[in-house]
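> this one's sequence-less:
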């Protein structure tokens, strides 16, 4: 279903609600508004990702960079360009994500003391969001069973789908963890893999597109059903350049964009930004006018600040003597050290499995190692992703420099992250994997970006109100992760969807 709307000859297109960005937040908002009576226009910078055999080929994805279509950003610390981990396609980055869909823990919504400072409270609670988490899980058909997770928050309904079972090598690792007194659990996932053949076909889908459609992403679970209502239109190949406000500066009147290189104007009654925490902030900063000289909704001076992306490490444990034939490895999680407790004075974070690595996926981190050696290692490796919360800092920010995106980001809270790596190293060696290789993710790994337009009660200390509407602009909301006051230490996708469902009635009113 590739139905897209056309731009009229005069170059002006109108809608009741204009949503900018078709990732999790934008597509969830479109779905939530489909029966509201509003004419909804969803604007996407990219086009549809082609469904083709190359989707599943790591060489095409990681070495040839077949699907890379984002502009290069600038590292503010040294002025050098880098390739960000973002993609402009219908469905956004969810076309490439690993479909891990955990809820944030109840503690993530309150103030928490960390090694390097304090993670602030959110302007609403877990209990406020819980019904929308439940609906989001139903829409995305999430598989899971959190009964073994000591941090699993209360829920009003069970997971809609049974958990993905561990394959033998992951079962062996889980038994070892339980033998150490830990509580591994079957992770929440929107990968729909009911047979081993489907697992074989999807083995590269953590990072690559899902050629066979097994991945629950924003396009197939949210946007397509929204379009079926007839009230949601999709405009592709359209880059929004700036938003213009009304004469009094209190409302957004229109968006100026390039549609396949042609200047157009998008006129709406209500606007929802969902372009991702970096691009949303950059666009609002670029939309400065006489009423908003520091950028739209930036009276607090916080727009673009408090940028967070997690402290993350790719952790590869190798036993040269024993192959790991696992096809879909991303079934196990561990949160025993997610919160502080005995022997853990500060939160350390989350362990989750990666999809099964192949040599081409590692080549970027180990460019000097020949692919046959990387393939040999990957066929014998246990692949893990470790995440620790990074804390909001004013100097970690997004800037817009004459149309170029500049990222200033210095990691913080690294002592707990190093402790997490140390503990997991001991675990995997005890499980029979003597060789450990780690790669901490840098500025270019920003799939968990958040925090650039924080929500709060006080306009002096936040950009948005608790419904994610701009304090200063009455018809502007943000539905992506820009609003996050803290990053937690878990994948943000389900929280983005749940929050979009929560605030949609305010947008529809």
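Here it is on my side, so go on. For clarity, every value in this text was computed on a predicted model and none was experimentally measured. Residues are numbered from 1 along each chain as shown.
> where do the strands sit along the stretch 151-300 of the chain?
185-189, 232-235, 238-245, 252-259, 262-273 (DSSP state E, counting those that start in this stretch).
> give the other helices and strands that the second one contacts.
Just to be clear, that refers to strand 232-235. On a contact count with 3 or more Cβ pairs under 8 Å, 6 or more residues apart in numbering; DSSP states H and E, strand 232-235 meets strand 40-43, helix 224-227. Any C-beta I mention is one placed from the backbone N, CA and C, and that applies to glycine too.
> if we go to 10 Å?
strand 12-20, helix 24-33, strand 40-43, helix 224-227 (3 or more Cβ pairs under 10 Å, 6 or more residues apart in numbering; DSSP states H and E).
> hang on, residue 268 packs against residue 246?
No: with contact defined as Cβ atoms under 10 Å, residue 268 does not reach residue 246; the gap is 11.9 Å.
> what's the span of stretch 237-251 from first residue to last?
Stretch 237-251 has an end-to-end distance of 26 Å (criterion: Cα to Cα, to the nearest Å).
> got the buried residues for that stretch?
Using 16 or more other Cβ atoms under 10 Å as the test for burial, stretch 237-251 gives 237-240, 242-243, 245, 251.
> as JSON lines, the residues you listed with pLDDT and distance to residue 201 would be great.
Shown next, in JSON lines, are these (pLDDT from 0 to 100; distance: Cβ to Cβ, whole Å):
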{"residue": "237", "pLDDT": "97", "distance to residue 201": "30"}
{"residue": "238", "pLDDT": "98", "distance to residue 201": "33"}
{"residue": "239", "pLDDT": "98", "distance to residue 201": "34"}
{"residue": "240", "pLDDT": "98", "distance to residue 201": "36"}
{"residue": "242", "pLDDT": "98", "distance to residue 201": "43"}
{"residue": "243", "pLDDT": "98", "distance to residue 201": "42"}
{"residue": "245", "pLDDT": "98", "distance to residue 201": "49"}
{"residue": "251", "pLDDT": "98", "distance to residue 201": "49"}
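> closest one of those residues to residue 481?
residue 240 (18.3 Å; Cβ to Cβ).
> now the helix or strand that contains residue 418: average pLDDT?
Under the criterion DSSP states H and E, the helix or strand holding residue 418 is helix 414-430. Across helix 414-430, the average pLDDT comes to 98.
> the following helix or strand past that helix pairs with which strands?
Following helix 414-430 in sequence order, the next helix or strand is strand 435-440 (DSSP H and E). Under the criterion DSSP bridges, strand 435-440 sits next to strand 311-318 (antiparallel) in its sheet.
> what distance separates the partner strand from the centre of its chain?
For strand 311-318, the separation from the chain centroid amounts to 19 Å (computed by Cα atoms, centre = their mean, to the nearest Å).
> next one: stretch 95-113
Distance, centroid of stretch 95-113 to centroid of chain: 10 Å (Cα atoms, centre = their mean).
> so how far does that stretch reach from one end to the other?
35 Å.
> counting neighbours, which bits of that stretch end up buried?
Buried-residue list, stretch 95-113, by 16+ other Cβ under 10 Å: 95-109, 112.
> highest average neighbour count across the strands of the stretch 151-300 of the chain?
Scoring the strands of the stretch 151-300 of the chain by mean neighbour count under mean count of other Cβ atoms under 10 Å gives strand 185-189 as the most buried, with a mean of 26.
> so which elements touch that strand?
helix 126-140, strand 143-145, helix 168-179, strand 332-334, strand 350-353.
> pipe these into CSV and attach mean neighbour count and mean pLDDT per row.
Output for the helices and strands packed on strand 185-189, formatted as CSV (neighbours: other Cβ atoms under 10 Å; pLDDT from 0 to 100):
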stretch, mean neighbour count, mean pLDDT
helix 126-140, 20, 98
strand 143-145, 23, 96
helix 168-179, 16, 98
strand 332-334, 24, 98
strand 350-353, 25, 98
